[in-house]
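Undergrad: what would the 3D arrangement of this be:
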Amino acid sequence: MSKNNESGNFDVSSSMKRAVKRSSKLEKLEAKLARARSFIKQAALVRNLTSIHQDLDYFPRGPIYRNANAFHRSYLEMEKLFKIYVYKEGEPPMFHNGPCRSIYSSEGRFIHELEKGKFYRTEDPDEAMVYFLPFSVVMLVQYLYEPETFNTDAIGRTVVDYIDVISSKHPYWNRSLGSDHFMLSCHDWGPRASSYVPHLFHKSIRVLCNANTSEGFNPAKDASFPEINLLTGEVKGLLGGPSPSRRSILTFFAGRLHGYIRYLLLNEWKDKHDPDVQVYDQLPKGVSYMSKLKNSRFCLCPSGYEVASPRIVEAIYAECVPVLISDSYVPPFNDVLNWNSFSVQVAVKDIPNIKRILLGISQRQYLRMQRRVKQVQRHFVVNATPKRYDVFHMINHSIWLRRLNIHIKDS
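TA: This is a model prediction of the structure:
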């Protein structure tokens, strides 16, 4: 037998041993996930408004949650078990990087926190439950898109090439056809970028601000996360506001013409000069946007060209009850949070009736909703170093829930 054959036999044998070891690790990992699923299902049977689980920091409670006990048990299981492997392939600025001081800051902040490795990240891909594809659609658009062409194929080719690289170097994508992999994007073109790889679009976990079910967003496997506009990179000065009794404006919106929903809103209310419904395409000189938010009881959050809007989080930060006006939008953390308890959802056809709808909410009900906005705020806050239950951990919890929905077998 030649040396080449001997060497080949040794390589095949080593490869088989590694595969068996990997398969054994996967079986143990799936057993852990199965136990977690069972614990969460048992917790869901408890219909108390307050969690019965022990926690030093926070007890989920009240109607802002679909099931406080189930969420709490799930969160605690995530903290114990969840492991994410970040593929090392790819170079900044389009990979392992993202904007932290813009309307896309929630994309950049998540990427940077995961890259730091303090939470959830593992260096051993065999112990990972999910695999992060660390490209930033915002950065791909910035460096590859040529506006005069209206062509996104260069972005798509980069995503295709990246999946080709990681699937040829590692066994994990092919093992699950991408279903335990996730991408994250707050750019409007996140869904479009994923569409160039059919398995990425149809099987992988897509964490998207643009969570539009009419464009293929699937809440069973995809996760909605909030669009947060942090111009300075910090939330300092954005949180809090006057008490309800000192809020003199019924509802407020200011924003440029940006999609048909805003067109309908501006067309109906902009020039009404109604002190209750203050709608502007541009604020008068010297008028503070933040002051208007903080002095409003309800804040209008219409979709723009795409369904997500940073105004939802702006409203929550200002302790103003958000009024969602959109079609086919799945709001962030919707599988955990009961949005009907702390927000108002107005159908597009009811834009002319906004004042009547909001005046129809009793003072007692408004006060309840406003208290709940203050309570839910912790789940949307961006912290320089993530704190338990904040937006970074809530995004990870959404990914954790999607991983619980699937079972991977090593073929």
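Undergrad: next structured bit after the helix or strand hosting Ile163?
TA: Assigned by DSSP states H and E, Ile163 falls within helix 153-169. Once the chain leaves helix 153-169, the next helix or strand it forms, by DSSP H and E, is helix 172-176.
Undergrad: so where is the stretch 1-150 of the chain shaky, pLDDT-wise?
TA: The stretch 1-150 of the chain contains residues with pLDDT under 70 at 1-13, 15-20.
Undergrad: could you rerun that using 50?
TA: Applying pLDDT under 50 to the stretch 1-150 of the chain picks out residues 1-10.
Undergrad: now the helices for it?
TA: 3-44, 68-81, 105-116, 137-144 (DSSP state H, counting those that start in this stretch).
Undergrad: check which helices and strands the last one sits against.
TA: Helices and strands touching helix 137-144, as assessed by 3 or more C-beta pairs under 8 Å, 6 or more residues apart in numbering; DSSP states H and E, comprise helix 105-116, helix 153-169, helix 190-194. Just so you know, the C-beta spots here come from the backbone N, C-alpha and C atoms, and that holds for glycine as well.
Undergrad: that's a strand at Gln279, yeah?
TA: Check again: residue 279 is Val, not Gln. Yes. Using DSSP: H, G, I helix; E, B strand; the rest coil, the assignment for Val279 is a strand.
Undergrad: report the backbone C-alpha coordinates of stretch 304-317 in CSV.
TA: Extracted C-alpha coordinates of stretch 304-317, given in CSV (Å, rounded to 0.1, in the frame of the first residue of the first chain):
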residue,chain,number,x,y,z
GLY,A,304,-42.5,54.3,6.5
TYR,A,305,-41.5,52.7,3.3
GLU,A,306,-41.0,49.5,5.4
VAL,A,307,-43.0,48.4,8.4
ALA,A,308,-40.6,49.1,11.3
SER,A,309,-40.3,52.5,12.9
PRO,A,310,-37.8,53.9,15.5
ARG,A,311,-40.7,55.9,16.8
ILE,A,312,-42.0,52.9,18.7
VAL,A,313,-38.9,52.8,20.9
GLU,A,314,-38.8,56.6,21.1
ALA,A,315,-42.3,56.5,22.5
ILE,A,316,-41.5,53.8,25.0
TYR,A,317,-38.4,55.7,26.2
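Undergrad: same question for that stretch: list its buried residues.
TA: The neighbour-count check on stretch 304-317 (16 or more other C-beta atoms under 10 Å) flags 304, 306-317 as buried.
Undergrad: in helices, which of those fall?
TA: Residues of the buried residues of stretch 304-317 located in helices (DSSP state H): 311-317.
Undergrad: from Leu76, how far off is Asn69?
TA: In this view, Asn69 and Leu76 are 11 Å apart by C-beta to C-beta, to the nearest Å.
Undergrad: what's the answer for Gly255, then?
TA: Gly255 is 40 Å from Leu76, where distance means C-beta to C-beta.
Undergrad: how about Tyr280: what's its closest non-neighbour residue?
TA: Ala254 (4.3 Å; C-beta to C-beta, 6 or more residues apart in numbering).
Undergrad: got the contact list for that neighbour?
TA: By C-beta atoms under 8 Å, 6 or more residues apart in numbering, the residues touching Ala254 are 279-283, 289, 292.
Undergrad: at 10 Å instead, please
TA: Ala254 sits next to 278-284, 287, 289, 292-293, 300, 311 when contact means C-beta atoms under 10 Å, 6 or more residues apart in numbering.
Undergrad: by neighbours, which of those residues wins?
TA: Leu300 (29 neighbours; other C-beta atoms under 10 Å).
Undergrad: SS state for it?
TA: strand.
Undergrad: who's it bridged to?
TA: Beta-bridge pairing of Leu300 under DSSP bridges involves Val323.
Undergrad: now it: how far from Gly108?
TA: Distance from Leu300 to Gly108, by C-beta to C-beta: 27 Å.
Undergrad: how about Lys169?
TA: 26 Å.
Undergrad: can you check Ile84 too?
TA: For Ile84 relative to Gly108 (C-beta to C-beta), the value is 17 Å.
Undergrad: check Leu266 too.
TA: 30 Å.
Undergrad: go on, Asn210?
TA: 16 Å.
Undergrad: the more surrounded of those two?
TA: Asn210 (24 against 21).
Undergrad: the more buried one: what's it in contact with?
TA: Residues near Asn210 by C-beta under 10 Å, 6+ apart: 137, 185-192, 217, 224, 227, 303, 305-308, 329.
Undergrad: quick one: buried ones out of the residues you listed?
TA: Using 16+ other C-beta under 10 Å as the burial test, the contacts of Asn210 include 137, 185-192, 217, 224, 227, 303, 306-308, 329 as buried.
Undergrad: strands - which of those land there?
TA: Judged by DSSP state E, strands contain the following of the buried ones among the contacts of Asn210: 185, 224.
Undergrad: intersection of neighbour lists for Asn69 and Leu76?
TA: Common neighbours of Asn69 and Leu76, counting by C-beta under 10 Å, 6+ apart, are 40, 43, 51, 53.
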